[in-house]
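In: Build me a model:
(2 chains)
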There are 2 protein chains.
Amino acid sequence: MKYLYLVVFSLCATFTSAQNINGLENLMPWPKQIEMKDGKFRLTEGFVLGMTELTSPRLCKASTRYIERLTNRTGLFLDQNIITAADTSRSADLQIQVDRIGQVELGEDESHQISVSASGVVLKAETDIGVVRGLQTLFQLISVDKVGYYLPAVEIVDDARFQWRGLMIDASRHFHPVDVIKRNIDGMEAVKLNVLHFHLCDDHGYRIESKLFPRLNEVSSDGQYYTVAELKDIIQYAADRGIRVMPEIDVPGHASALLKAYPELGSKDTTYYLSRNAGVFDPTLNPIIDETYTFLDQLFGEVISIFPDPYFHIGGDENEGKHWDENEEIQAFMKAHDMHSNHDLQTYFNQHLFEILKKHDRYMMGWDEIHTDGISKETVIHSWRGGGQSLADTTTLFNAARQGFKSVLSNGYYIDLMYNAEDYYRVDPYFGYELDEEMKANIMGGEATMWSELVTPLTIDTRVWPRMAALAERYWSPVDTRDVRSMYSRMNKLSLVLEHYGLQHISAQEKILRNLANSRAIEPVRVIVDVLEPMKGYTRNAGGFMYDVFDPYTKLADATLADAMAARDFAYQVEDYQRGKVDSKAMMAQLKLWVGNDDALQAAIKVSPILAQAKEHSTNLKLLSEDALVAIDYIDSGKKAPKKWYKQAVSHLEQAKIQDGRVELQVIAPVSELVEMTQSKSSVQN
Amino acid sequence: MKYLYLVVFSLCATFTSAQNINGLENLMPWPKQIEMKDGKFRLTEGFVLGMTELTSPRLCKASTRYIERLTNRTGLFLDQNIITAADTSRSADLQIQVDRIGQVELGEDESHQISVSASGVVLKAETDIGVVRGLQTLFQLISVDKVGYYLPAVEIVDDARFQWRGLMIDASRHFHPVDVIKRNIDGMEAVKLNVLHFHLCDDHGYRIESKLFPRLNEVSSDGQYYTVAELKDIIQYAADRGIRVMPEIDVPGHASALLKAYPELGSKDTTYYLSRNAGVFDPTLNPIIDETYTFLDQLFGEVISIFPDPYFHIGGDENEGKHWDENEEIQAFMKAHDMHSNHDLQTYFNQHLFEILKKHDRYMMGWDEIHTDGISKETVIHSWRGGGQSLADTTTLFNAARQGFKSVLSNGYYIDLMYNAEDYYRVDPYFGYELDEEMKANIMGGEATMWSELVTPLTIDTRVWPRMAALAERYWSPVDTRDVRSMYSRMNKLSLVLEHYGLQHISAQEKILRNLANSRAIEPVRVIVDVLEPMKGYTRNAGGFMYDVFDPYTKLADATLADAMAARDFAYQVEDYQRGKVDSKAMMAQLKLWVGNDDALQAAIKVSPILAQAKEHSTNLKLLSEDALVAIDYIDSGKKAPKKWYKQAVSHLEQAKIQDGRVELQVIAPVSELVEMTQSKSSVQN
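Out: Next up is the predicted model:
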């Protein structure tokens, strides 16, 4: 028997059984083409990996990582350990065939084919980077039956949909040490991402060792920056995984750190300070003095000497130009040069930067705002504003692509805003406008951004992962890979795989839970946290000044995740129940657990003041769960609930909308569904 | 009312209530003198720390860490964040007074006094290192009541008992990246340790970047070594915490890594390989050629240029001299120089090293074997063999001290051997022989050793911590701080504090449990792991060749801890029950949980082959628990159990001694106690 699962997922939310069959439930990003076969390749201690054509250091290292992960995952004492160029057995169980050594650069071939049969595994790719991608699939394929570990027999043909599949990490607002960056690169490897965009200079600090401008380290970093050696180490670490690293120095706004060290380059004669809060700040480079360009030429040159990638990000966002408006010389200069707005002046500034970067052999990339008349078409436009208020707005991306600019989409991928994975997953760089082939070619891909005002080295993994895997699927997999339930199912299974790669998104959350519980007995805290989500968008940090970067990020909101999976699973149960697909049993078990949890949580709060923010949420969860249980009774018995009860239930739902601890209870919507169902007799579609 | 708790703990195991009163249950090491007072100092967001005398960078950094940990622990949005020399408020809540800047060197003053009252906190010390020590106590004092967080009013006078309180980390057998070392230094800070002994060269690899001898990195490190910049960073990180870092280059034996790179320095004309297993290997430097000393002079010089500490460890252990015996030139040399044994030759070698190190202004330190006639009294003897087989044997330490050598004890502190914390805790550098004051002065302290044949970056924290806190207490606290139950109680509470400092001993174990469970539902696995301990001493890795360094350390044995606390707590319950102190209720609840766990565990094994090693242990735990429940029935009802049942129970106990997965069930002894009690009618002392 032979199953053929071509990737045909409808846009509606039907459940796709192909993505849930044994052996494939960890697969993410979902491959371009996958064909199941009969049979299993058994993993044994005698497992041998061999490179049957060309070898390369990247190939050896990636193979070594595969062997190490395999032995640690399965506990098998494998014969092989460090793979070298001598491992070329043609009778190997896993044969790796590659045509050439890939370059870690935009557009490099990442395609590969995997063939697993009972007798062995073949992984073919044009480049060793394609092999790196394929090895991740081979790790995700590891399956279990009563006999032991195996890979299911399968034929996979795979390739990236977009050539730019990025994650931006902001190391300025909160600094993230090298090990944090490296484990995130490991996670990127796992899900086939290929660009780390490193945001290294902002109002909060300059994070690169500078020999030319040591004051950037002395006064503008709080002692927290990467040495040149560390950055080179990170870049090599990424290159081993086929991942580019692009630096960003954000100018002319977001310049507090630059100007604290070198105030003479500012547009205002003032004392500059490092920002400690969130927001848009006024310090701006002075675009009309030569010293600014001399400085940037040297600084960019120094950064470029570290980062080999041909792309260089100049930021360029959120310059409101207040200090330009206040500066008489700048105003006179603008008049003299017939500039009518700050946009014109910023274009003038960007044109200089374009020339500087051209001299250094770099493409200039910048956020939306640099897309003005007069800017070279060789510039890459990084769309972050979209154009409207919606997460899925691709207007600025479309405009750039239409006008012939290469562009990358980040609007809709601001994962620091803590929307649900599905909200980001639904956004597609090709959606929103009708695109011709040229425009499609101009849209290079997407990039998730982890701005770090509210994110520390302890919490960053929990904010990026596992959601990043869903976005990686958006950037890698065919456009019609869109089933949300399947995405969640695979993402949550992949979560354990990501932990094997070294990420700490599970353990970091548990660490915070232990502090909240003031004990190792975290279950009652976990139960409430699993139905809470932090306030979304820019609302948690109201006005940007509710938190500064030194505040504790170890509280209730920091323990909650962007996707409260217990609440989501419950919502799915309610949905299935409404459709008559399941009975009320599982829902009721969950509801009773929630009711019973309140006592335990209130007791925990008594020995842990930091947990007090969960108090009302727990009470509300109990009330709502009790109401839901009653509602189910009415629904199951086909009786309409009395108005008095209904009104009280509605008032409980209203009361549950509190935001104590900057978090929100996520069971309100599904419980509301149940409560509403009590008012109509035939609500369950049996 | 005022309590005075001078530290008077008897050697017997009576429970010391002083160490269990509210506010002090986290204290470890226990202070020299502590006096409880009435009142509580409330921790609030307005909390201010001020240095009222001298400041120093170390003081500012330590204070900043205190503020950061305090805010993260309590969730209080403190006004202060980065503490600078400007923070000198004399009305501060926490006033820090220090007389001089300390030196990170042996014998520096670490004493301090803490005074907490309702109105404020004063921390006085002669040196800023004393302040670093005191700040750890102030963090451990953070307590909770219904109102919030507070420090209990208390007067503490504290000082170190021993000046050398060390942890040795072996980075040769398994390499441990910088972040692993740093977080272990954080743990050392928490428990007032002051020496990191860094074992950097052994048969398995040379771990220091070498510009003079690059082959050490190219062929003798598997690519895993610390750069000079990383080591300097580690040393500064330690110095900020008042911790010395002493390097060890182990010679003339343990030389496989040196000789793989430079075989011409070997005593045998052969090809050398990096060792992959545990054991004592033959490769040995050639002590009769000048090239050896020229090489070591340069190599030591290079290492010394990185490590400022005046002590340099040359290893010197386990040289069996096989290659010396086989080398005719060496034999002729020995004859010509009237050397009668390899010990004489090694003395000759060590004398050269002594001169080399003297030239480089360093004291020579080495393991027991360097203590021979003819070695300078300026040498420090590091006692690891003890003299006999017992963990508590201090013979070689005593011999060295008696002969006027400075010495440090590590026999009895080999924590890699995975004995219980109490076994190490009972060992004391001053026990075993009668010592006069001079001999006591010669014994500088103790050092725990974490040899890393079976320890990876993932598991090292779980092997060192929290046990290391008990040893830190041995080295710091008064000799009569010996109550084992109090030690366990405080150690397990401190465990959460250590996690705040960044250690991963809790989360790393859970990571392994998730892999064993193949799921996040780890409870059944945790229940069995909590009653298992890895085989102790050198038995787990039978012959040294059962494991190599590339094997998986993610299995059942690696999930278990040196102290199976659930089993220990149960044993304490049985002990208290035997003495008539408690009834059988808690025991029975625990036993029923164990009985019930077996079904869940057997189900987990079906979806996780790596967990199969727990199968028989779980069955045995169930059988023993069932027997124990029956036994309690007999005991509680005053009836003697029938012989047939007794025989079967004894056979279950026998059968439970299996070592599947290289681990042992720890409930055998207490269950055996209960089973034996069924044979005597009046066994419970009511």
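In: The nearest residue to A:D269 once chain neighbours are set aside: neighbour count?
Out: Nearest residue to A:D269, sequence neighbours excluded (Cβ to Cβ, 6 or more residues apart in numbering or on different chains): A:P263, at 7.9 Å. Bear in mind the C-beta positions are built from the backbone N, C-alpha and C, glycine included. For A:P263, the tally of surrounding residues (other Cβ atoms under 10 Å in any protein chain shown) stands at 14.
In: Test my guess that A:P263 contacts A:Y273.
Out: No - using Cβ atoms under 8 Å, A:P263 is not in contact with A:Y273, being 10.6 Å away.
In: Now for A:G107: which residues touch it?
Out: Under the criterion of Cβ atoms under 8 Å, 6 or more residues apart in numbering or on different chains, the neighbours of A:G107 are A:Q163.
In: what's the answer for A:E302, then?
Out: A:208, A:210-213.
In: and it, which of the three is it?
Out: Assigned state for A:E302: helix (three-state reduction, DSSP: H, G, I helix; E, B strand; the rest coil).
In: Check A:F349 too.
Out: Assigned state for A:F349: helix (three-state reduction, three-state DSSP).
In: what sits against the spatially most central residue of chain A?
Out: Taking Cα atoms, centre = their mean as the criterion, A:M468 is the residue nearest the geometric centre of chain A, at 3.4 Å. A:M468 sits next to A:167, A:187-188, A:191, A:193, A:415, A:448 when contact means Cβ under 8 Å, 6+ apart.
In: what's the closest of those to chain B?
Out: Of all these, the one sitting nearest chain B is A:G187; the distance, using Cβ to the nearest Cβ, is 14.7 Å.
In: what helix or strand does A:I375 sit in?
Out: With elements taken from DSSP states H and E, nothing contains A:I375; it lies in neither a helix nor a strand.
In: Tell me, how many residues neighbour it?
Out: Counted with other Cβ under 10 Å, residues neighbouring A:I375 total 20.
In: show me the contacts for it.
Out: Here A:I375 is in contact with A:347, A:350-351, A:354 (Cβ under 8 Å, 6+ apart).
In: Farthest pair within those residues?
Out: Farthest pair in those (Cβ to Cβ) is A:T347 and A:F354. Separation: 10.0 Å.
In: I'd like to know which residues of the stretch 551-686 of chain A are adjacent to chain B.
Out: Of all the residues in the stretch 551-686 of chain A, those in contact range of chain B (Cβ under 8 Å from any Cβ of the partner chain) are A:551-555, A:606-610.
In: Check the gap between the residue nearest to the centre of chain A and A:K406 for me.
Out: Taking Cβ to Cβ, to the nearest Å as the criterion, A:M468 is separated from A:K406 by 23 Å.
In: sorry, back to before: pLDDT added to the contacts of A:I375, as a markdown table?
Out: Output for the contacts of A:I375, formatted as a markdown table (pLDDT from 0 to 100):
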| residue | pLDDT |
| --- | --- |
| A:T347 | 96 |
| A:N350 | 97 |
| A:Q351 | 97 |
| A:F354 | 98 |
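In: In JSON lines: these, plus distance to B:L27 and neighbour count.
Out: Rendered in JSON lines, the data for those read as follows (distance: Cβ to Cβ, whole Å; neighbours: other Cβ atoms under 10 Å in any protein chain shown):
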{"residue": "A:T347", "distance to B:L27": "64", "neighbour count": "20"}
{"residue": "A:N350", "distance to B:L27": "60", "neighbour count": "25"}
{"residue": "A:Q351", "distance to B:L27": "65", "neighbour count": "16"}
{"residue": "A:F354", "distance to B:L27": "62", "neighbour count": "20"}
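In: Brilliant, that's me finished.
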